[in-house]
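S.K.: Predicted model follows, preceded by the sequence.
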There are 4 protein chains.
Amino acid sequence: MQTEVRYYQQPKVEKPVMVCGLPGIGSVAWLAVNHLQKELKAELFAEVFSPMFSPKVWLTEDGLVKLMKGEFYFWKNNGNGSDLLLFSANEQPYSPEGQYDLADTVLDLAQKYEAQRVITMGGMATDKVAEPPKVYVGGTEGELVKELEGYGAVKLAGGAITGTNGLIFGLAKPRKIPAICLLAETPGYLSLDANAAKSALQLSSKLLNISLDLQALEKQAKENANAVQKAKDLSRGAFLHEPRKGERELPYVS
Amino acid sequence: MQTEVRYYQQPKVEKPVMVCGLPGIGSVAWLAVNHLQKELKAELFAEVFSPMFSPKVWLTEDGLVKLMKGEFYFWKNNGNGSDLLLFSANEQPYSPEGQYDLADTVLDLAQKYEAQRVITMGGMATDKVAEPPKVYVGGTEGELVKELEGYGAVKLAGGAITGTNGLIFGLAKPRKIPAICLLAETPGYLSLDANAAKSALQLSSKLLNISLDLQALEKQAKENANAVQKAKDLSRGAFLHEPRKGERELPYVS
Amino acid sequence: MQTEVRYYQQPKVEKPVMVCGLPGIGSVAWLAVNHLQKELKAELFAEVFSPMFSPKVWLTEDGLVKLMKGEFYFWKNNGNGSDLLLFSANEQPYSPEGQYDLADTVLDLAQKYEAQRVITMGGMATDKVAEPPKVYVGGTEGELVKELEGYGAVKLAGGAITGTNGLIFGLAKPRKIPAICLLAETPGYLSLDANAAKSALQLSSKLLNISLDLQALEKQAKENANAVQKAKDLSRGAFLHEPRKGERELPYVS
Amino acid sequence: MQTEVRYYQQPKVEKPVMVCGLPGIGSVAWLAVNHLQKELKAELFAEVFSPMFSPKVWLTEDGLVKLMKGEFYFWKNNGNGSDLLLFSANEQPYSPEGQYDLADTVLDLAQKYEAQRVITMGGMATDKVAEPPKVYVGGTEGELVKELEGYGAVKLAGGAITGTNGLIFGLAKPRKIPAICLLAETPGYLSLDANAAKSALQLSSKLLNISLDLQALEKQAKENANAVQKAKDLSRGAFLHEPRKGERELPYVS
């Protein structure tokens, strides 16, 4: 069995921007792309299956089976901004080669549709809750980094980005696709940090020239904050690192 | 060395149903398919060898060597129900890619013989002994789930199925082979839960419209129950999680 | 880089028997094949290199580099017995697929030279020193097992043989090459058990109809026995399981 | 995704010597090749990318992304000595097969440019600070070992060299490229041992007939020595094994 992309339709997008987000620290990137897909009602057009994902299947509430997979969505922009391609997945491939392989597959599709830019996201683990979370930016070109700094991002001056989100970003460079990676600050103990996802999306929407309703993320962020506060009240002085694992498994972080 | 299927004969089956069961939690699926093969006197027609199995060989009581492998059996139904193809193996492949690979190989054979349906099985670990064990069902289609609910199965509304039993089930979907997975409740500490296997088989036989003698499984179930009771009497209040490993190695569970 | 066999000459052997022994428990098989090669002055004719071996190189006392590898020797029998092909290696491949791969490569060569039989060896770990060590035998055919029982071997009625020595033996079966595996009893704590190797070789030489000088092995066995006795004297009542690792690394056992 | 060499230019070198050094114990080889590249102002002409490197990317101080990779440099010698090809990488591939694969790729390039000799380096961990560090030498041929002994190296009479630096050296032999490996003594607790790198380079420069300014390494060595002395003063009698991990990750050692 090989990694395989199955197309359900061939979207007619023009010079799209591709936005990618796989699960990672705080699920920042995954939450952001998910929100984007739902708010814009972006349409599924292809899926990628691979033996590099975990050897398991999922069941829906209706008892229907789902494979581990990546999903590609598209969105035709009727305004001034860019058409979009979105990519996310249930999880990051479990092996290093699998992560390179998936990143490569995603960029093949980006090139097929002549994507003009690629945006990937991720979380940057800190020990504290930042309000609002800062967003760091790295790029394949200095111009892009500067553009994002103009929107309020902080230059990521050193360090490493681990996992598929980082590889999609890095492997875009030899393909000469301009790419950026946005890392939002997130306390390490949150499994689903909607607040960080919101910060990353706000910057992305400026770059994309899209106005985006972020209420759903804000609501989830508030609920998270309340839950954390309650836990703090209960455990004053004690460890607060347990809730790290959420209901979703997040094997690799970015 | 590649994964390879060796055919010993080409069975003439018509629109068969394929029933698969590899070792997993409580060996439920493995016991069920084994019982089916023995009761129906299903005939071996092919074996699959693969470097994805453990690097070891087995010896029979006569000192004859056996490779780790999967086995395909067929059964011509002279009554009203379906012809059958059966698949089992000594173990699940030790690597995740190996599990995808084997699942894919099994489904290739299912398609070659135009299998109309695929049934896989497994155990669902609980902490207690259920009498009788409930059987949960997931499917590739809602119709199938409903049909099984009609026979007494409980819809599996969420969760994950790990390992090759789950992958055969899930990978049937993109191939458009209707498939179900039956998970029988089993206490986690039993290595060979004949009682759970019996429950899964009872449901399968309804779907297959086959009447099946289950006495051998019932006998084994009774022996297990006695052994567990004795252990409980001895260790009142102590841990009862030791007998988890039986005489067979079960590297992956489903 | 692929697994590759490099030939230095094409030996003219007739209906040879192949004897294989890679490092394993007590290095029994490795010692036996090594002794055979030295006593018979068998000639190197091919080597196998593979990325499946450990990523390291060795240096001789002269400072010359050596790769991890397997070696094939041949011996023309001028008497009544069989011509021989010998195979050994510095180590067993570190990955399971690598072990299947090497076993397959060895059997390809066996078929190329029309080997009539394959003999593999190994150690069977026990807790005590047996004098002399029993030798167990498994085979691809009942005839072979009986023949060896006639020479004093004990039928291996069940159990598993792990590693490359076992796989060469098992994979010979589907290729229809008659094969046996001889396992000599060895206490688990000896890294180089010359006594067990001697027992395995004595049986092999009967099967091969070769008279073999075993003095070198006997001498080493005596030295080992003395060393063990000294250690026992020193540690009366204490654990004697430390000297398990010798100066050679033995990653897999058989 | 496959291992891929990207050429930026085709250097016109004549009968070059190739010098290779990947990160390992004390980063000896990496520091040495790095110094060589900087002092000689050797020019980048090719890079090797591979899914065998870690699944991550790096960022420069300007926020620009860099992939994990290997780099090839060349230097035209206008004096009497040899033209040079240099090879280094951010890290050693994380898997054993990856290390064989990279070593093979490097030697392909060496053959393409008709390299006359290959020099690899590494650290040999000792428990003490040697002043100056001894340099051990192994070779593909006795002549080479003798030549280096003439320059003050000590013959490496036995032992193993682990990792990619060792494999490049060893795999040169079947390709019939004369090769040596120089191992400089280094205390195991230094992450960047400039002093050992200097010793290895001094010997290399004699073999290469190149005069080399080693001041930068000497300066770094002095700083290291001061840092170690301070740590000793602080921890008299305590463990001094912590500073083993520097700011760079060094997954495999040589």
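M.R.: Noted; the coordinates are in hand. Residues are numbered from 1 along each chain as shown, chains lettered A, B, ... in the order given.
S.K.: For A:Glu218, grab the count of nearby residues.
M.R.: Under the neighbour criterion other CB atoms under 10 Å in any protein chain shown, A:Glu218 is assigned a count of 13. The way it works is simple: take the backbone N, C-alpha and C, and place the C-beta from them, glycine included.
S.K.: What residues sit buried inside the helix or strand where it lies?
M.R.: A:Glu218 belongs to helix A:215-235 when elements are defined using DSSP states H and E. Taking 16 or more other CB atoms under 10 Å in any protein chain shown as the neighbour-count basis, helix A:215-235 is seen to contain the buried residues A:217, A:220-221, A:224, A:228.
S.K.: and the end-to-end length of stretch A:167-181?
M.R.: By CA to CA, to the nearest Å, the extent of stretch A:167-181 from end to end equals 10 Å.
S.K.: For it, the averaged confidence score.
M.R.: The average pLDDT for stretch A:167-181 rounds to 97.
S.K.: Give me the contacts around that stretch.
M.R.: Residues lying outside stretch A:167-181 but in contact with it, judged by CB atoms under 8 Å, 6 or more residues apart in numbering or on different chains, are A:20, A:99-100, A:103-104, A:106-107, A:110-111, A:115-122, A:137-141, A:144-145, A:148, A:156, A:161, A:165-166, A:207, D:6, D:49, D:55-57, D:65-67.
S.K.: Could you pick out the buried ones from the residues you listed?
M.R.: Those of the contacts of stretch A:167-181 that meet the buried threshold are A:20, A:99-100, A:103-104, A:106-107, A:110, A:115, A:117-122, A:137-141, A:144-145, A:148, A:156, A:161, A:165-166, A:207, D:49, D:55-57, D:65, D:67, by 16+ other CB under 10 Å.
S.K.: Narrow those residues to those in helices?
M.R.: Taking DSSP state H as the definition of helices, those contribute A:99-100, A:103-104, A:106-107, A:110, A:144-145, A:148, A:165-166, A:207.
S.K.: ok, A:Glu47 touching A:Met68?
M.R.: No - A:Glu47 is not in contact with A:Met68 according to CB atoms under 8 Å; the separation is 10.6 Å.
S.K.: Between these two, point out the one with more neighbours.
M.R.: More neighbours sit around A:Met68 than around the other of A:Glu47 and A:Met68, counting by other CB under 10 Å; the figures are 23 against 17.
S.K.: Please name the spatially closest residue to the more buried one (chain neighbours excluded).
M.R.: Using CB to CB, 6 or more residues apart in numbering or on different chains and skipping residues adjacent in sequence, the residue nearest A:Met68 is A:Phe53, 3.6 Å away.
S.K.: how far away is the one you found from B:Ser50?
M.R.: 20 Å (CB to CB, to the nearest Å).
S.K.: next one: A:Pro51
M.R.: The span separating A:Pro51 from B:Ser50 equals 13 Å under the rule CB to CB.
S.K.: Common neighbours of the two, please.
M.R.: Shared contacts of A:Pro51 and B:Ser50 (CB under 8 Å, 6+ apart): B:Asp101.
S.K.: For these two, indicate the residue with more neighbours.
M.R.: It is A:Pro51, of A:Pro51 and B:Ser50, that has more neighbours when counted by other CB under 10 Å, with 25 against 22.
S.K.: Let me see the contact set for the more buried one.
M.R.: Going by CB under 8 Å, 6+ apart, the list of residues near A:Pro51 reads A:1-3, B:96-97, B:100-101.
S.K.: can we see that at 6 Å?
M.R.: A:1, B:97, B:100 (CB atoms under 6 Å, 6 or more residues apart in numbering or on different chains).
S.K.: I'd guess A:Lys38 is in a strand, am I close?
M.R.: No - assessed by DSSP: H, G, I helix; E, B strand; the rest coil, A:Lys38 does not belong to a strand; its assignment is helix.
S.K.: Can you tell me the closest non-neighbouring residue to it?
M.R.: A:Ala216 (7.3 Å).
S.K.: Compute the distance between the one you found and A:Gly81, please.
M.R.: When CB to CB is the yardstick, A:Ala216 and A:Gly81 sit 20 Å from each other.
S.K.: Close to chain B: what parts of chain A are there?
M.R.: For chain A, the residues found near chain B under the criterion CB under 6 Å from any CB of the partner chain are A:1, A:51, A:55-59, A:61, A:63, A:65, A:67.
S.K.: Now render these as a markdown table, adding distance to C:Val33 and pLDDT.
M.R.: Compiled in a markdown table, the residues of chain A next to chain B are given as follows (distance: CB to CB, whole Å; pLDDT from 0 to 100):
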| residue | distance to C:Val33 | pLDDT |
| --- | --- | --- |
| A:Met1 | 39 | 83 |
| A:Pro51 | 38 | 95 |
| A:Pro55 | 39 | 96 |
| A:Lys56 | 44 | 96 |
| A:Val57 | 47 | 97 |
| A:Trp58 | 51 | 94 |
| A:Leu59 | 53 | 97 |
| A:Glu61 | 61 | 96 |
| A:Gly63 | 57 | 97 |
| A:Val65 | 51 | 97 |
| A:Leu67 | 48 | 96 |
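S.K.: Out of the residues you listed, which two sit at the greatest distance?
M.R.: Farthest pair in the residues of chain A next to chain B (CB to CB) is A:Met1 and A:Glu61. Separation: 28.1 Å.
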